[in-house]
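> predicted model follows, preceded by the sequence.
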Amino acid sequence: MTRMHVPVPLRWNDLDAYGHVNNAAMFVLLEEARIHAFWSTDEALAQSTMREGSGTLSLVARQEIEYVAPIPYLRDPLDVQMWIGHLGGASFSACYEVHSPASAPDDVLYARAQTTMVLVDVSTQRPRRLTDAERTAWEPYLEEPVAFTRR
């Protein structure tokens, strides 16, 4: 099982009146992790053609989050663990577990999530199939999709 560990810092405005990360802010934190994973120059997942100027859009088709514990404000970045839960024809599932910072003495799982992404050709505005290069780059990160417990 190979997962990416993406450090995602919290911002003060991610908190709500209850002093923990707002549920809507979680979508932005996951987006930050996804951008790092697919646009970074030093990660295997970034070996895709989804970068700016590539002719491909990556569009969110579906997102689901299961909140396990409230996230307080933390100075150190959260450890967002990412992997691929499914490779389809023109889509894939990005899976996440949001954990306490790597520097924390105890590991706390705060949330699990899954985002279905569709790759779209810029010129035709139609879904396009995953390339062999994308499949090869992403297969080491392929494991079972998120197992939501509250369904």
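The structure has been received and is ready for your questions.
> and Pro77, how many residues sit next to it?
Here the neighbour count serves as a burial measure; for Pro77 (other CB atoms under 10 Å) it reads 16. Quick note: C-beta positions are derived from backbone N, CA and C, even for glycine.
> that one: what's it in contact with?
If a contact means CB atoms under 8 Å, 6 or more residues apart in numbering, then Pro77 has 7-10, 101 as its contacts.
> also Phe27?
Under the criterion of CB under 8 Å, 6+ apart, the neighbours of Phe27 are 63, 65.
> and the most centrally placed residue in the chain, what element?
In the chain, the C-alpha nearest the mean C-alpha coordinate belongs to Arg34, at 4.0 Å (CA atoms, centre = their mean). If you go by DSSP states H and E, Arg34 is part of helix 23-39.
> who does Val8 bridge with?
When bridges are taken as DSSP bridges, the partners of Val8 come out as Leu78.
> check contacts around it.
Applying CB under 8 Å, 6+ apart, one finds that Val8 lies in contact with 29, 32-33, 36, 77-78, 80.
> kindly indicate which of those residues lies nearest Thr136.
Checking the contacts of Val8 against Thr136 by CB to CB gives His36 as the nearest, at 20.6 Å.
> by contact count, what packs against the lowest-mean-pLDDT helix or strand in the chain?
Of all helical and strand segments in the chain, the minimum by mean pLDDT, DSSP states H and E falls on helix 132-138, at a mean of 89. Helix 132-138 sits against strand 78-87, with contacts defined as 3 or more CB pairs under 8 Å, 6 or more residues apart in numbering; DSSP states H and E.
> rounded mean pLDDT for the helix or strand following the strand it packs on, please.
Beyond strand 78-87 in the direction of the C-terminus, DSSP H and E gives the next helix or strand as strand 91-99. Per-residue pLDDT values across strand 91-99 average out to 97.
> one more: stretch 2-10?
The average of the pLDDT scores along stretch 2-10 is 93.
> just give the closest residue to Phe148, not the sequence neighbours.
The spatial neighbour of Phe148 that comes closest, neighbours along the chain excluded (CB to CB, 6 or more residues apart in numbering), is Glu66 at 4.9 Å.
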